[in-house]
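> Output the structure for:
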Amino acid sequence: MRIHFIAIGGSAMHNLAIALHEKGDHVTGSDDEIFNPSKSRLESRGLLPEKYGWFPEKITAEIDAVILGMHAKADNPELLKAKDLGITIYSYPEFLYEQSKNKTRVVIGGSHGKTTITSMILHVMHYHNKEVDYMVGAQLEGFDVMVKLTHENDFIVLEGDEYLSSPLDRRPKFHLYKPNIALLSGIAWDHINVFPTYENYVSQFETFLTQITDGGAIIYNEEDPEVKKVVEASESLIKKYPYQTPEYTIEAGETLLKTPEGPMPIEVFGKHNLNNLEGARWICQLMGVDAEDFYEAIATFKGASKRLEKIAETPTSIAYKDFAHSPSKVKATTEALKQQFPDRKLIACLELHTYSSLNPEFLNEYRGTLDAADSAVVFYSPHAVMIKKLEEIKGEQIDKAFDREDLVVFTNPADFKTYLFTQDFDNTSLLLMSSGNYGGLDFEDVKKYMK
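This is a model prediction of the structure:
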């Protein structure tokens, strides 16, 4: 096929472009800006556009399909030309479904844990040399790309994002995959700019369950009250398998998972990650991997990129960065690190960076989320608030929302860096939570300073 990508530089889009290129399709694309790692990955395969911008002349009748990224606007000149020529236009998830209609589709959904659970499943399959197609939202150790599509593989494992599909298709991505096997890890209000009420957000997961094929299966975290309620109320003709956090202990900063063969040390930690692990075990079982083989493989899983990723360590200190930004993720991640190293001081830093986290009406959802930390820091950029055209946030609103008297709030990147690099990290755990970079923080500098 001849396929053209509008907004090829996106994280998901460039990986899909590479996957189709490696499958043998003829791939072209455009974008108005492309940053690394997308830029270097596209360039290494000859897929980087010669010039940035939108060029309607690239759209010709010879093109079989156009894939439209979220970064593109509805009036994009290439999109308008494709419409004029009657070329089939897909959103990213629509195209993935088209490519996997004859496969067993395994879709991992939930407000949190999706990337980690998907990564765990793929790690286990890779460990045992079981070939599957996939789409995951983070770079994984041992995997060159985040998307793989083939003609021959029987299974495809898809991370099921609830965000919108494209500028033209306002349906959540995970409504389009029609899973044979699905997992639901948790429901905690997010994406307030798209789902303005909690009820509206929850309804997206109710719809997700209706998309599971008749006779299919849903694996669900019964420790999450909303998940349990939604799944048990579903009248779809599907099998329902609940899971819970498995038993584990922590000894001298090491997590030991209880297994039929005895306690087993694992690389990941935190109750939320152990809960994710159990969900992954159920999925792997339905994909033909028994418990013994699962435990053997998962013992070597070190985590997905940016998910409790260790960035520095000394004999008396340790630093992690994490993608956590929604309230439930911030709370779970902060508590996990404190439980793992209970005798160390925990400095937890959170950047408010997303539309939801910078919305004054949503801020109160963060109440108590940093309570497990000995020192709690919040950073946000007034410039980012302005760019997102949101209502101005004042420091006192942050203080009130987190309900913590000793909370430290920064709005200037230089001030935050000065604070960070004047701390005594002896007998300390540092946690840096953000989907951004604190206004330009180089995480390599954290490594250098802690040494």
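
> ok, now which ones touch Lys338?
Contacts of Lys338 were listed using C-beta atoms under 8 Å, 6 or more residues apart in numbering, and they are 346, 372-373, 429. C-betas here are computed from N, CA, C, even on glycine.

> switch the cut-off to 6 Å
Neighbouring residues of Lys338 by C-beta atoms under 6 Å, 6 or more residues apart in numbering: 346, 372.

> Also the one 3 residues further on?
The neighbours of Phe341, taking C-beta under 6 Å, 6+ apart as the test, are 253, 429.

> what does Asn180 give?
Neighbours of Asn180 in contact, by C-beta under 6 Å, 6+ apart: 104-105, 213, 216.

> Point out the other helices and strands that the helix or strand encompassing Ile318 packs with.
Taking DSSP states H and E as the definition, Ile318 sits inside strand 317-322. Where contact means 3 or more C-beta pairs under 6 Å, 6 or more residues apart in numbering; DSSP states H and E, strand 317-322 is packed against strand 309-314, strand 428-433, helix 443-450.

> Format the ones you listed as a markdown table; extra columns: distance to Ile8, mean pLDDT and mean neighbour count.
Shown next, in a markdown table, are the helices and strands packed on strand 317-322 (distance: least, C-beta to C-beta, whole Å; pLDDT from 0 to 100; neighbours: other C-beta atoms under 10 Å):
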| stretch | distance to Ile8 | mean pLDDT | mean neighbour count |
| --- | --- | --- | --- |
| strand 309-314 | 27 | 92 | 15 |
| strand 428-433 | 30 | 96 | 24 |
| helix 443-450 | 27 | 85 | 14 |
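
> Serialize the ones you listed to JSON lines and add fields for distance to Leu164.
Listed next are those as JSON lines, based on distance: least, C-beta to C-beta, whole Å:
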{"stretch": "strand 309-314", "distance to Leu164": "27"}
{"stretch": "strand 428-433", "distance to Leu164": "24"}
{"stretch": "helix 443-450", "distance to Leu164": "30"}
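
> Can I get the helix or strand encompassing Ser40 as CSV, trimmed to CA atoms?
According to DSSP H and E, Ser40 maps onto helix 38-44. C-alpha atoms of helix 38-44 as CSV (Å, rounded to 0.1, in the frame of the first residue of the first chain):
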residue,chain,number,x,y,z
SER,A,38,11.0,10.9,16.3
LYS,A,39,13.3,12.9,14.0
SER,A,40,16.3,10.6,14.2
ARG,A,41,14.2,7.4,14.0
LEU,A,42,12.4,8.6,10.9
GLU,A,43,15.7,9.8,9.4
SER,A,44,17.4,6.5,9.9
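
> The very next helix or strand once past it pairs with which strands, and in what direction?
Following helix 38-44 in sequence order, the next helix or strand is strand 65-68 (DSSP H and E). Using DSSP bridges, the strands paired with strand 65-68 are strand 2-6 (parallel), strand 88-91 (parallel).

> can you list contacts of the helix or strand just after strand 65-68?
Heading C-terminal from strand 65-68, the first helix or strand you meet, by DSSP H and E, is helix 77-85. Residues from elsewhere that reach helix 77-85 (C-beta under 6 Å, 6+ apart): 6, 30, 54, 56, 59, 61, 66, 89.

> What are the buried residues along helix 77-85?
Across helix 77-85, burial judged by 16 or more other C-beta atoms under 10 Å covers 77-79, 81-82.

> now it against strand 2-6, angle please.
140 degrees (axes from the mean of the first three to the mean of the last three C-alpha atoms, to 10 degrees).

> Let me know the pLDDT of Lys451.
pLDDT for Lys451: 70.

> Quick check: chain neighbours aside, which residue is closest to it?
Thr314 (6.5 Å; C-beta to C-beta, 6 or more residues apart in numbering).

> again with Glu141
Closest to Glu141 by C-beta to C-beta, 6+ apart is Lys302, at 6.2 Å.

> Can you name the helix or strand that that neighbour falls in?
Using DSSP H and E, Lys302 falls outside every helix and strand.

> pretty sure it contacts Phe269?
No - here Lys302 does not reach Phe269: they are 11.2 Å apart, not a contact under C-beta atoms under 6 Å.

> contacting residues for Ile218?
Ile218 neighbours (C-beta under 6 Å, 6+ apart): 182, 231, 238, 240.

> Buried members of those into PyMOL, please.
Buried members of the contacts of Ile218, defined by 16+ other C-beta under 10 Å, are picked up in PyMOL with:
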select buried, resi 182+231+238
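
> I'd like the contacts of Ile218 as JSON lines, with secondary structure, pLDDT and distance to Lys448 appended.
Converted to JSON lines, those look like this (DSSP: H, G, I helix; E, B strand; the rest coil; pLDDT from 0 to 100; distance: C-beta to C-beta, whole Å):
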{"residue": "Ala182", "secondary structure": "strand", "pLDDT": "98", "distance to Lys448": "44"}
{"residue": "Val231", "secondary structure": "helix", "pLDDT": "98", "distance to Lys448": "47"}
{"residue": "Ile238", "secondary structure": "coil", "pLDDT": "98", "distance to Lys448": "52"}
{"residue": "Lys240", "secondary structure": "strand", "pLDDT": "98", "distance to Lys448": "50"}
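
> Closest one of the contacts of Ile218 to Phe174?
Nearest to Phe174, judged by C-beta to C-beta, of the contacts of Ile218 is Ala182 at 8.6 Å.

> Pull stretch 310-324 out as CSV, backbone CA atoms only.
Extracted in CSV, the C-alpha atoms of stretch 310-324 (Å, rounded to 0.1, in the frame of the first residue of the first chain):
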residue,chain,number,x,y,z
LYS,A,310,15.7,4.9,38.1
ILE,A,311,17.9,7.8,37.0
ALA,A,312,20.6,7.9,39.7
GLU,A,313,21.7,5.9,42.7
THR,A,314,24.4,6.1,45.4
PRO,A,315,24.9,3.9,48.5
THR,A,316,22.7,6.3,50.5
SER,A,317,20.4,7.8,47.9
ILE,A,318,18.3,7.1,44.9
ALA,A,319,16.4,9.1,42.3
TYR,A,320,13.4,8.2,40.0
LYS,A,321,11.5,10.0,37.4
ASP,A,322,7.9,9.0,36.6
PHE,A,323,5.3,10.0,34.0
ALA,A,324,2.7,10.4,36.8
